[in-house]
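Peer 1: how does the following fold in three dimensions:
(chains A and B)
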Protein chains: 2
Amino acid sequence: MNFLDEALKEAEKAAAIGEVPVGAVLVKDGLVIARAFNVREKIESPISHAEIHALIAGSQALGSWRLIDCDLYVTLEPCPMCLGAMVQARIRKCIYGAQDPKGGALSLGYRLNEDTRLNHRFPIEYVPHERSSSILSEFFRARRRASASEPGSS
Amino acid sequence: MNFLDEALKEAEKAAAIGEVPVGAVLVKDGLVIARAFNVREKIESPISHAEIHALIAGSQALGSWRLIDCDLYVTLEPCPMCLGAMVQARIRKCIYGAQDPKGGALSLGYRLNEDTRLNHRFPIEYVPHERSSSILSEFFRARRRASASEPGSS
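Peer 2: Residues are numbered from 1 along each chain as shown, chains lettered A, B, ... in the order given. I've put the predicted structure just below:
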């Protein structure tokens, strides 16, 4: 099973309700134990990125905030908040399918996952996943088109 | 009203249930609109620092994930996850009462709040607040004493 494909299914759910399409799954022992997508607008919550909800759901599934031996697959490179949350959750590994040059923690140089001063370290890997990237560009293209056709725009 | 005193009341609630005593309040127009304390162990959630729950509660109170003109008062210097969450939430200012040399975002050099590449910037200020610091040292001293007296420890 390609877990980035599974994360993409979550991103598609976000797109369907007009949210920026980012999805994530948490995997342990080869099984998906939690799934989530970005719901920031839907529930008016600033922290509701896909990764945060996948970590919360994973902790509920395991009954522990320590997500030992869990790998997080996410369609988009995590922001600094989400990478910091993964450090807090003690995950084993993170894999993402599309880079975010403007807001991604690694793209911006915040390599929190490798900081030996923090109490947990883990590898993070970019595995190019075409659809994880194109679903975002399609979403933003449609949004620009919609706002350009609004009354009052020239 | 000293809002760090209000944040401290939240930290005391955390201490009372055996959580690392950190508390936060969110303030808008001179009024506390949200209060929260660290509940990571209690609800087994890796993201459940005081700041995160104060941001969530504030968004619920205002009906918006954008916490415009809101100031966050927290007893302890925020970790990178929490500082990243404040950027996401577009807060106006953060004030903290005790430094965290080992895990604080600023102490570690992650000045996310000043990063001009991100889409929001805000000032963060350290206002020494003695009790915010001493409640933590008392908590950890008591915990060390308890673990030293456990059977099997020498």
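
Peer 1: just the buried positions in the helix ranked longest in chain A, please.
Peer 2: Longest helix in chain A by number of residues (criterion: DSSP state H): helix A:130-148. Within helix A:130-148, the residues scored as buried using 16 or more other C-beta atoms under 10 Å in any protein chain shown are A:131, A:132, A:133, A:135, A:136, A:139. C-beta coordinates here come from the backbone N, C-alpha and C atoms, glycine included.

Peer 1: how about stretch A:85-99?
Peer 2: If you call a residue buried by 16+ other C-beta under 10 Å, then stretch A:85-99 has these buried ones: A:85-98.

Peer 1: likewise stretch A:46-55?
Peer 2: Those would be A:46, A:47, A:48, A:49, A:50, A:51, A:52, A:53, A:54, A:55, for stretch A:46-55 by 16+ other C-beta under 10 Å.

Peer 1: check those against chain B, which are close?
Peer 2: For chain B, the contacts drawn from the buried residues of stretch A:46-55 by C-beta under 8 Å from any C-beta of the partner chain are A:46, A:47, A:48, A:49, A:52, A:55.

Peer 1: so which of those residues comes closest to residue A:7?
Peer 2: residue A:49 (12.6 Å; C-beta to C-beta).

Peer 1: give the contact list for residue A:131.
Peer 2: A:8, A:97 (C-beta atoms under 8 Å, 6 or more residues apart in numbering or on different chains).

Peer 1: would you map the helices across chain A?
Peer 2: A:3-16, A:50-62, A:80-89, A:130-148.

Peer 1: with just CA atoms, put the longest one into CSV.
Peer 2: It stands for helix A:130-148. Extracted as CSV, the C-alpha positions of helix A:130-148 are listed here (Å, rounded to 0.1, in the frame of the first residue of the first chain):
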residue,chain,number,x,y,z
GLU,A,130,2.7,14.1,-8.3
ARG,A,131,-1.0,14.2,-7.4
SER,A,132,-0.2,15.6,-3.9
SER,A,133,1.2,18.6,-5.6
SER,A,134,-1.2,19.0,-8.5
ILE,A,135,-4.3,18.8,-6.3
LEU,A,136,-3.0,22.0,-4.6
SER,A,137,-2.2,23.9,-7.8
GLU,A,138,-5.6,23.0,-9.2
PHE,A,139,-7.2,24.2,-6.0
PHE,A,140,-5.5,27.6,-6.0
ARG,A,141,-6.0,28.1,-9.7
ALA,A,142,-9.8,27.5,-9.3
ARG,A,143,-9.8,29.9,-6.3
ARG,A,144,-8.0,32.6,-8.3
ARG,A,145,-10.5,32.2,-11.2
ALA,A,146,-13.4,32.4,-8.8
SER,A,147,-12.2,35.6,-7.1
ALA,A,148,-11.4,37.2,-10.5
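
Peer 1: check what pLDDT the closest residue to residue A:67 other than its chain neighbours gets.
Peer 2: Nearest residue to residue A:67 in three dimensions, chain neighbours excluded: residue A:89, at 4.6 Å (C-beta to C-beta, 6 or more residues apart in numbering or on different chains). Turning to residue A:89, the model gives it a pLDDT of 98.
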